[in-house]
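Trainee: Let me see the structure of the following:
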Amino acid sequence: MSDIKKLAGQTAVYGIPTIIGRFLNYFLVPLYTYNIAASDYGMVSELYAYVAFLMIILTYGMETAFFRYSQEEDANKVFNTAMLSLLSSTFVFLLITFICLKPITNALEYQGHPSYIVLFLLILAVDTLKAIPYALLRRENRPKRFALIKTTDIFSNIIFNLFFIALCPYLVRTSHPVLITSWFDSSDLVFYIFLSNLLACLIAMLMLIPEYRKFRWDFDFSLLKKMLAYGFPVMIGGLAGMVNETFDRIALKHLVRTPQDITDASEIASWKMAQIGIYGACYKLSIVISLFIQAFKFAAEPFFFSKMKKADAKKSYSSVMTAFVMFLSFIFLVVMGYIDLFQYFMGKEYRIGLTVVPILLMANIFLGIYYNLSIWYKVTDKTKWGAVIAIIGAILTLVGNYILVPYLSYTGAAVTTLVCYVTIAVICYFVGQKYYRIVYNVKRCLFYIFLAVCLYFVSATVRNMNLGLSLTLLCSTILIGIYAFIAYKLDVKRMIRER
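Mentor: Have a look, this model is predicted:
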């Protein structure tokens with residue numbers, strides 16, 4: 001219980017900026033979806049899908065390798081080697097991409113918006129160079145500074161978005177300061193979404209200057225080779241995993257079938273982007289689970305590595321898994337129980353896609369389970385298995401989207417995501433039991449998922465009875481209370497008692 005308490009505390013501290021910030025980012029969804037057409041928001045969703053994918057390539061497993069080798073090598077030398085490696089590769093990346101800017105813009109079909117690609121590349125570069133300093137803060141167990149910088153990054157992005165997307169258009173409409181109207185283009189709000197992100201990234205980078213100043217030209221090539229050998233499978237696994245997470249938004253543009261009554265080329269392109277926009281907005285509703293998973297990962301990775309050589313490590317991993325699934329299933333039930341309220345975070349044009357939300361929430365639960373299970377190949381240095389499992393998931397994603405998206409549009413993408421995450425979690429569990437056996441309480445974990453799903457179907461049935469919003473929400477609150485009571489009796493009470 002002490003391990004769970006410690007990890008929960010670290011998850012809370014590391015996750016405060018992520019949870020609060022991304023919760024506030026929820027309010028950017030209505031800001032975008034009430035002010036930007038679905039086809040324009042589709043461009044935002046698509047390019048950020050590419051950002052997530054390319055970040056894996058540009059960091060090539062260095063963050064995880066940093067944690068791994070700073071446990072047994074000189075931590076300063078590991079930091080210096082990782083930083084110099086990323087500085088060099090990022091410079092080469094920017095040089096090549098800016099030379100090839102026009103072909104890249106044409107390939108992505110953004111000929112009319114080259115500025116989006118420039119901002120997109122700069123965001124990638126800055127985020128890449130922040131990875132190791134952030135890892136250093138986690139390695140040094142400095143969660144308060146980590147939280148401060150992360151919070152500033154997130155809040156800066158929100159403030160810039162409010163300024164560019166809400167305030168500036170208002171000033172333009174009301175003919176207020178010429179200083180605003182002379183440079184602001186209210187017809188291209190997407191540009192300012194990317195600009196806001198870049199400005200926030202640069203502010204966070206400035207705050208990390210004390211960490212950058214620790215860098216010395218103490219480069220160890222033999223250490224780099226070991227770090228690359230360890231990190232490369234992590235990168236491959238991350239790439240494959242990111243295919244699982246983001247390929248659906250990219251696939252929609254190329255695989256979805258256009259309605260027969262739309263024949264004009266520009267209308268077809270706009271309709272396809274609208275599908276990405278609708279799916280991307282609805283995907284945001286599953287962020288409640290994904291942001292907790294992200295906060296958990298920040299705290300769990302150094303925690304798991306610090307426990308790896310202790311006698312009770314496997315018992316701790318098992319206990320963490322049960323508590324993790326119990327909590328995520330609770331979040332699933334809360335979001336779906338109050339979906340009548342959550343839907344207003346999106347403009348009316350986007351709500352047609354709400355049917356995919358429970359599918360995506362459940363998919364993210366299994367993704368979180370996979371992250372927990374993946375500790376076995378990280379502590380045993382068998383990271384190749386992570387790559388193999390993720391590649392299997394990527395193949396499922398590619399095939400599933402190819403088969404389902406043409407017929408089911410974004411619903412097919414959501415179903416594919418769920419199938420993929422369930423599959424890789426199952427594979428990771430059974431392979432892990434062979435190489436690093438951990439006695440997880442599988443029955444209890446499955447019970448919490450089953451209970452949450454059953455209670456969700458009850459709430460959905462009540463919702464379909466059209467009893468009114470108040471009674472529907474009351475019923476959902478009762479069902480959520482039932483889940484919480486059962487969880488308390490089965491596990492929470494015992495965990496508190498064992499504290």
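Trainee: use CA for all of it now, contacts and neighbours both
Mentor: OK.
Trainee: Can you show me the helices along the stretch 251-400 of the chain?
Mentor: 265-283, 287-307, 313-337, 339-342, 357-373, 375-379, 383-408 (DSSP state H, counting those that start in this stretch).
Trainee: Thought Phe163 was touching Tyr192, still the case?
Mentor: No. Using Cα atoms under 8 Å, Tyr192 is not in contact with Phe163; the gap is 9.4 Å.
Trainee: Give the residue spans of this protein that score low on pLDDT.
Mentor: Residue ranges of the chain with pLDDT under 70: 1-26, 71, 175-182, 241, 295, 297-312, 495-499.
Trainee: check contacts around the residue nearest in space to the middle of it.
Mentor: Per Cα atoms, centre = their mean, the C-alpha nearest to the average position across the chain is that of Ser290, at 5.8 Å. Taking Cα atoms under 8 Å, 6 or more residues apart in numbering as the criterion, Ser290 is in contact with 364, 368.
Trainee: Could you list which residues are in contact with Ser409?
Mentor: 252, 256-257, 275.
Trainee: Please report the distance of Pro365 from Asn372.
Mentor: Careful, residue 365 is Ile and not Pro. To Asn372, Ile365 is 11 Å away according to Cα to Cα, to the nearest Å.
Trainee: Same check on Ser187?
Mentor: From Ser187 over to Asn372 (counting by Cα to Cα), the distance is 45 Å.
Trainee: In terms of neighbours, single out the busier of these two.
Mentor: Asn372 (25 against 9; other Cα atoms under 10 Å).
Trainee: tally of neighbours for the closest residue to the more buried one other than its chain neighbours?
Mentor: Excluding its sequence neighbours, the residue lying closest to Asn372 (Cα to Cα, 6 or more residues apart in numbering) is Met321, at 6.5 Å. Using other Cα under 10 Å as the criterion, Met321 is surrounded by 21 other residues.
Trainee: and Val458, how far is that from Arg351?
Mentor: As judged by Cα to Cα, Val458 and Arg351 stand 22 Å apart.
Trainee: So what's the residue count around Phe430?
Mentor: 12.
Trainee: Assign it to helix, strand or coil.
Mentor: helix (DSSP: H, G, I helix; E, B strand; the rest coil).
Trainee: on that earlier part again, between Tyr192 and Phe163, which one's more packed in?
Mentor: Shown here are Tyr192 and Phe163; by other Cα under 10 Å, Tyr192 has more neighbours (20 against 15).
Trainee: For that one, which residues are in contact?
Mentor: 161, 164-165.
Trainee: What strand or helix carries it?
Mentor: According to DSSP states H and E, Tyr192 maps onto helix 189-207.
Trainee: Follow the chain on from that helix and name the next helix or strand.
Mentor: Following helix 189-207 in sequence, per DSSP H and E, is helix 209-212.
Trainee: buried sites along that next one?
Mentor: For helix 209-212, burial by neighbour count (16 or more other Cα atoms under 10 Å) applies to Tyr212.
Trainee: do stretch 243-261 as well
Mentor: 243-253, 255-256.
Trainee: want to throw these into TSV with distance to Gly347?
Mentor: Below are those laid out as TSV (distance: Cα to Cα, whole Å):
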residue	distance to Gly347
Val243	28
Asn244	27
Glu245	24
Thr246	23
Phe247	24
Asp248	22
Arg249	19
Ile250	22
Ala251	24
Leu252	21
Lys253	21
Leu255	25
Val256	22
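Trainee: what number of residues lie near Ser156?
Mentor: Neighbours of Ser156 using other Cα under 10 Å come to 21.
Trainee: quick one, phi psi at the spatially closest residue to Tyr34 that is not a sequence neighbour?
Mentor: In space, Tyr34 comes closest to Gly347 once its chain neighbours are excluded; the distance is 4.9 Å by Cα to Cα, 6+ apart. For Gly347, the backbone dihedrals are phi -60, psi 160 (criterion: degrees, to the nearest 10).
Trainee: Next, work out how far apart Gly347 and Gln275 are.
Mentor: Counting by Cα to Cα - Gly347 and Gln275 are separated by 14 Å.
Trainee: Which one's more surrounded, the two?
Mentor: Ranked by neighbour count (other Cα under 10 Å), Gly347 and Gln275 place Gln275 first, with 23 against 20.
Trainee: quick one, what contacts that one?
Mentor: With Cα under 8 Å, 6+ apart, Gln275 has these contacts: 38-39, 42, 252-253, 409-410.
Trainee: Contacts only, for the residue nearest to Tyr34.
Mentor: Contacts of Gly347 (Cα under 8 Å, 6+ apart): 30, 33-34.
Trainee: now do 10 Å
Mentor: By Cα atoms under 10 Å, 6 or more residues apart in numbering, the contact list for Gly347 reads 29-38, 278, 281.
Trainee: Dump the residues you listed into JSON lines; add distance to Tyr230, neighbour count and secondary structure as well.
Mentor: Converted to JSON lines, the contacts of Gly347 look like this (distance: Cα to Cα, whole Å; neighbours: other Cα atoms under 10 Å; DSSP: H, G, I helix; E, B strand; the rest coil):
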{"residue": "Val29", "distance to Tyr230": "38", "neighbour count": "21", "secondary structure": "helix"}
{"residue": "Pro30", "distance to Tyr230": "42", "neighbour count": "18", "secondary structure": "helix"}
{"residue": "Leu31", "distance to Tyr230": "42", "neighbour count": "18", "secondary structure": "helix"}
{"residue": "Tyr32", "distance to Tyr230": "40", "neighbour count": "24", "secondary structure": "helix"}
{"residue": "Thr33", "distance to Tyr230": "42", "neighbour count": "21", "secondary structure": "helix"}
{"residue": "Tyr34", "distance to Tyr230": "45", "neighbour count": "16", "secondary structure": "coil"}
{"residue": "Asn35", "distance to Tyr230": "45", "neighbour count": "15", "secondary structure": "coil"}
{"residue": "Ile36", "distance to Tyr230": "43", "neighbour count": "19", "secondary structure": "coil"}
{"residue": "Ala37", "distance to Tyr230": "44", "neighbour count": "18", "secondary structure": "coil"}
{"residue": "Ala38", "distance to Tyr230": "42", "neighbour count": "27", "secondary structure": "helix"}
{"residue": "Ile278", "distance to Tyr230": "39", "neighbour count": "26", "secondary structure": "helix"}
{"residue": "Ala281", "distance to Tyr230": "36", "neighbour count": "27", "secondary structure": "helix"}
